[in-house]
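Attaching a predicted model along with its sequence, questions to come.
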Amino acid sequence: MKSTQTFDISHSCLLDATGQLTDSCPTSISAEHLRQAYATMVLIRAFDQKAIALQRTGKLGTYPSILGQEAISTAIGMTMQADDVFVPYYRDQAAQYLRGVSLTEILLYWGGDERGSNYASPKCAQDMPVCVPIATQYCHAAGIATAMKIRAEKRAVVVTCGDGATSKGDFLESLNLAGTWHLPMVMVVNNNQWAISTPRAKQCNAQTLAQKAIGAGVQGLVVDGNDYVGMAYELQKALSRAHAGKGPTLIEATSYRLGDHTTADDASRYRPAQELKAAWEKEPIKRLRHYLQTTGLWTDADEQALLLQVKADIDQVVADYTSIAADAPESMFTYLFEELPSARLNQYQQVANAAASRAVGGGSHHE
Ligand SMILES: [Mg+2]
């Protein structure tokens, strides 16, 4: 008996857990690129901490922390071409920010305000809003990529999801379509080892999630998602392939969810403490800072200046967010529908009437 096909899944790691490069830094990633990526990761971690505090004090709705996975999202934002389309899931704060979504808009979104998805910047006008339903955004991404292919545009779609989403039909069907039609898609799975309380081992019996690409005839690989340099480099290559009409890529970015699934979760009830402790040793910000400092690309003065700037930026974002007056409750209908379906008319009227009958008080709905 002989095999008809053999397959291989590569595992890429350039910047190891101690912050040392295992190979020379790719020439496509400049020192300035790395400094900007590092500053973004620090900003987003501070933003994340503030968002959780806002939720705990009743000023924000349920919020999904990105703690520990900043490198994946930052690398996406740093490497996408301006006219590519980003189709995010709910743990993509860094990429959204780099694409042009303001941090105030991200807070508005998680505060239940539809205007948080109505991006003011023209830079991200073509990007999709956050998708909370699991994996459905892959179908949207495949549709957008199909349009790009029909129009022969040198653009690509980057779509993201978590490890749990790879078990969904939406993910697998879109992956199959991407392979069959050679769509210009880069699919990034943030494998943070947990799908709410379901550990990776109970999610899927395959050794890697990247190998799901093989069944679809798609190039698939595993990248250490806490290695910023490797993430950026593999994304650059995948985007180049997509732009050149060479088809889709699935990147499984391995990381670890250092926080709860969302603020509605308490991971201490199911996540082994030792596992969390070990994961902190591999987190992405510390290792990139170590690399930048030891190569002379980042000084203590740079760090102090960055932390001051981050604090000022976050304070301003929160001040802006909390000062925005509440939108009309019926906006949940008007933002969703161009024309309200007749089946929703009754609901719309009830919400509008209730809003009209309440005392006109002004103030903010974020309090
Ligand atoms: Mg997960």
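Arrived safely. Everything numeric here is computed off the predicted structure, so don't read it as measured data.

Just the pLDDT for the residue of the chain found nearest the ion.
As assessed by C-beta to the ion, the ion sits closest to residue 162 within the chain, at 3.6 Å. C-beta here means a position set from N, CA and C on the backbone, and glycine is covered the same way. Note on residue 162: pLDDT of 98.

So it versus residue 6, what's the distance?
Computed as C-beta to C-beta, to the nearest Å, the residue 162 to residue 6 distance reads 30 Å.

Between these two, which has more neighbouring residues?
Using other C-beta atoms under 10 Å as the criterion, residue 162 and residue 6 rank with residue 162 on top: 24 against 5.

What residues does the stretch 101-250 of the chain have near the ion?
Counting by C-beta under 5 Å from the ion, the stretch 101-250 of the chain comes close to the ion at 162, 163, 192, 194, 195.

And for the first one, nearest residue in space, chain neighbours not counted?
The one in question is residue 162. Counting by C-beta to C-beta, 6 or more residues apart in numbering, the nearest residue to residue 162 once its immediate chain neighbours are dropped is residue 190, at 5.4 Å.

Can you report how many residues neighbour the residue nearest to residue 249 when sequence neighbours are not counted?
Closest residue in space to residue 249, ignoring its immediate chain neighbours: residue 238 at 3.7 Å, by C-beta to C-beta, 6+ apart. By other C-beta under 10 Å, the residues close to residue 238 number 26.

Next, the buried residues of the helix or strand hosting residue 238.
Taking DSSP states H and E as the criterion, residue 238 maps to helix 228-243. For helix 228-243, burial by neighbour count (16 or more other C-beta atoms under 10 Å) applies to 228-239, 241-243.

What are the boundaries of the strands in the stretch 51-200 of the chain?
Counting by DSSP state E, counting those that start in this stretch, the stretch 51-200 of the chain has strands at residues 85-87, 157-162, 185-191, 194-195, 198-199.

Including distance to residue 136, could those strands go into TSV?
Listed next are those as TSV, based on distance: least, C-beta to C-beta, whole Å:
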stretch	distance to residue 136
strand 85-87	10
strand 157-162	10
strand 185-191	14
strand 194-195	15
strand 198-199	19
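
I'd like to know which of those strands is closest to residue 253.
Among the strands of the stretch 51-200 of the chain, the nearest to residue 253 by C-beta to C-beta is strand 185-191 (5.7 Å).
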